[in-house]
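# for reference, the sequence and a predicted model appear below.
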Amino acid sequence: MTKNQRGNSASRRGFLRGAGAAAGLAAPGGIVLAAGNPENQPPNLPEWGRHLGPGVIEEPYGARSRHETAVRRYVPWLTPDRVSSVSFTPLAEMHGIITPSGLHFERHHGGVPDVDPVDWRLMIHGMVERPLVFTLEDLKRMPSVSRIHFLECPANGGMEWRGAQMSGVQFTHGMLACSEWTGVPLKHLLAQCGIRDGASWLLAEGGDASHLARSIPIAKALDDAIVAFGQNGEAVRPQQGYPVRLVVPGWEGNVWVKWLRRIEVGDRPWFTRWETRGYTDLMANGTARQFTFVNEVNSVITQPCPEKPLSGRPGFVEISGLAWSGAGRVTRVDVSVDGGDTWRTAALEGPALPKAVTRFRIPWEWREGQRAYLQSRAMDETGRVQPNIAELRRVRGVESIYHKNSIHTWLVEPDGGVVNVQIDA
């Protein structure tokens, strides 16, 4: 056994000891570290094993355990009301890469419409040979695809351009989710309509009260866009655009038009209020970038984080988080515990899918009383590298809202508490 092998074995033994203590086993000295009812803990037979439980279809639509409490949350001061507002995914409670549909963040501009799928129609018109109207059943009869992709609002993290502000990963990065989307490739619908020569853009319009509409290059529509009716194995949820939404992999969530009702084909962008007044990137010199569609390479540590501190748990811990890129696959994530002075490469939990969230993990030994600055830095298959906040500000200034993808820092305090900070280097 080499020196490194001995070190790895010792680390694993340390982890198992820590895990056993956390599970409520007696630590040296007979101290029980976990709370709970001792009558339900080994070697006793727990109360729930002494009687029959509910039978099948007591709940025709399955529900999670009543002991699980993770929910979407919102920031009351962020918007005047909830009709045009956002909720945040509880990223610290997520396992793997798929976000449960019921915890997927929301972004609405006119509330959630109650769309009757029988009456729903998708109209495609404009610079096409054959304007067509499709029903939901029409779409479901066509060849479909199922693909896993992340969805991110371009304002994710946008409240922190000037400095650290939010108290947890749910609010710093929670406008992010990853689902399996099922539907018809948009290119098949456009082929049925016949795109006329000279057409280069399309306008996608939603069916809610805001009638949000975004211009999208036809090249993207013909590449990998999906007209989706399914999410994570069931119908798309109302908050996510039921019965049909547009999926535009890797691109900012605002172009993933929900409650999709109309696609118009044209030869130039429409410059709607959603791509002029909003969803543009204000620069330091007062100009604004427009049509910055791609969500840049990004990452965040979800454990430890403010919601998952290390208080009272010295020893081996696993640093874990999420990385994503709208340009393709994440190929590497480095992790630092000293604010970027040194880095170690984390393990990526496969498969690392294109334009999907990738989970990374790396072991770390934390000693009580130790102060640490945790960071993650992602890279993708195009060579893009996540910048630090100083690099981003040199180009973008501090007046923007959208497309903030800088390296994020959690400060682990000597007592194990975790707070949000920024390092300007």
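Okay, I see it. Numbering: from 1, shown residues only.
# now the helices for the stretch 1-150 of the chain?
Ranges of helices within the stretch 1-150 of the chain are 3-22, 136-141, based on DSSP state H, counting those that start in this stretch.
# for residue 104, see how far away the residue nearest to residue 75 when sequence neighbours are not counted is.
Once flanking residues are discounted, residue 75 sits nearest to residue 171: 6.5 Å by C-beta to C-beta, 6 or more residues apart in numbering. Every residue, glycine included, has its C-beta placed from N, CA and C. Between residue 171 and residue 104 the distance is 16 Å, computed by C-beta to C-beta, to the nearest Å.
# can you check residue 329 too?
Distance of residue 329 to residue 104, given as C-beta to C-beta: 22 Å.
# before we move on, the earlier item: check for me that the residue nearest to residue 75 belongs to a helix.
Yes. Note on residue 171: a helix contains this position according to DSSP: H, G, I helix; E, B strand; the rest coil.
# verify the contact between it and residue 86 for me.
No. Residue 171 is beyond contact range of residue 86, at 10.2 Å (criterion: C-beta atoms under 8 Å).
# look at those two and report which has more neighbours.
When residue 171 and residue 86 are compared for neighbours, residue 171 comes out ahead with 22 against 19, by other C-beta atoms under 10 Å.
# and that one, what's its pLDDT?
We have a pLDDT of 97 for residue 171.
# quick one: contacts for it?
Taking C-beta atoms under 8 Å, 6 or more residues apart in numbering as the definition of contact, the neighbours of residue 171 are 73, 75, 88, 159.
# which of these are buried?
88, 159 (16 or more other C-beta atoms under 10 Å).
# with distance to residue 258 as extra columns, can I get the contacts of residue 171 in JSON lines?
JSON lines is the format used below for the contacts of residue 171 (distance: C-beta to C-beta, whole Å):
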{"residue": "73", "distance to residue 258": "20"}
{"residue": "75", "distance to residue 258": "21"}
{"residue": "88", "distance to residue 258": "17"}
{"residue": "159", "distance to residue 258": "23"}
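# the strands in the stretch 51-200 of the chain, which residues?
Applying DSSP state E, counting those that start in this stretch to the stretch 51-200 of the chain gives strands spanning 122-126, 132-134, 145-152, 176-185.
# let me have these in JSON lines, adding distance to residue 225 as columns.
As requested, the strands of the stretch 51-200 of the chain are arranged in JSON lines below (distance: least, C-beta to C-beta, whole Å):
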{"stretch": "strand 122-126", "distance to residue 225": "13"}
{"stretch": "strand 132-134", "distance to residue 225": "15"}
{"stretch": "strand 145-152", "distance to residue 225": "11"}
{"stretch": "strand 176-185", "distance to residue 225": "7"}
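# now for the ones you listed, which one comes closest to residue 404?
Set against residue 404 and scored by C-beta to C-beta, the strands of the stretch 51-200 of the chain come closest in strand 145-152, at 11.0 Å.
# residues in contact with the closest one?
With contacts defined as C-beta under 8 Å, 6+ apart, strand 145-152 is touched by 97-98, 104, 175-185, 224, 226, 230, 247, 249-250, 252-253, 256, 295, 298, 324, 326, 353, 355-357.
# list only buried entries from the residues you listed.
Among the contacts of strand 145-152, those classed as buried by 16+ other C-beta under 10 Å are 97-98, 104, 175-185, 224, 226, 230, 247, 249-250, 252-253, 256, 295, 298, 324, 326, 353, 355-357.
# so who does residue 389 touch?
Taking C-beta under 8 Å, 6+ apart as the contact definition, residue 389 lies against 406, 407, 422, 423, 424.
# hmm, which of those residues is lowest in pLDDT?
When the contacts of residue 389 are compared on pLDDT, residue 424 comes out lowest, with 81.
# and it, how many neighbours?
8.
# for it, which non-adjacent residue is spatially closest?
With sequence-adjacent residues excluded and distances taken as C-beta to C-beta, 6+ apart, residue 424 is closest to residue 390, at 5.1 Å.
# then residue 349?
Nearest non-adjacent residue to residue 349 (C-beta to C-beta, 6+ apart): residue 359, at 4.3 Å.
# which of the residues in the host helix or strand of that neighbour are buried?
Under the criterion of DSSP states H and E, residue 359 resides in strand 358-366. Of the residues in strand 358-366, those with enough neighbours to count as buried (16+ other C-beta under 10 Å) are 358, 359, 360, 362, 363, 364, 366.
# let me know the secondary structure of the closest residue to residue 303 other than its chain neighbours.
With C-beta to C-beta, 6+ apart as the measure, residue 320 is the residue that lies nearest to residue 303, at 4.8 Å, once sequence neighbours are left out. Here residue 320 takes the strand state, with states given by three-state DSSP.
# please renumber the chain so that the first residue is 748 from this point on.
Sure, I'll start counting at 748 from here, so that last one is residue 1067.
# weakest of the helices of the stretch 748-897 of the chain by average pLDDT?
Ranked by mean pLDDT, the helices of the stretch 748-897 of the chain bottom out at helix 750-769, with a mean of 32.
# pLDDT at the nearest residue to residue 818 once chain neighbours are set aside, what is it?
Here the nearest residue to residue 818 in space, its sequence neighbours aside, is residue 837; by C-beta to C-beta, 6+ apart that works out to 6.7 Å. pLDDT, residue 837: 98.
# what bridges to the closest residue to residue 886 other than its chain neighbours?
The shortest distance from residue 886 to any residue that is not its chain neighbour, by C-beta to C-beta, 6+ apart, is 5.2 Å, and that residue is residue 931. For residue 931, the residues forming beta bridges with it (DSSP bridges) are residue 974.
# which residues are in contact with both of residue 918 and residue 833?
Shared contacts of residue 918 and residue 833 (C-beta under 8 Å, 6+ apart): residue 822.
# now the end-to-end length of stretch 1009-1029.
Looking at stretch 1009-1029, the gap from its leading to its trailing residue is 29 Å under the measure C-alpha to C-alpha, to the nearest Å.
# please identify the buried residues of it?
Buried residues in stretch 1009-1029 (16+ other C-beta under 10 Å): 1009-1013, 1016-1017, 1019, 1021-1022, 1026-1029.
# strands - which of those residues land there?
Among the buried residues of stretch 1009-1029, the members falling in strands (DSSP state E) are 1009, 1010, 1011, 1012, 1013, 1028, 1029.
# most neighbours, which of the contacts of residue 1136?
Among these, residue 1154 has more neighbours than the rest - 25 neighbours, counting by other C-beta under 10 Å.
# so where's the stretch 1048-1172 of the chain shaky on pLDDT?
Low-confidence segments of the stretch 1048-1172 of the chain (pLDDT under 70): 1172.
# so where do the helices sit in it?
If you assign secondary structure with DSSP H, counting those that start in this stretch, the helices in the stretch 1048-1172 of the chain sit at 1136-1143.
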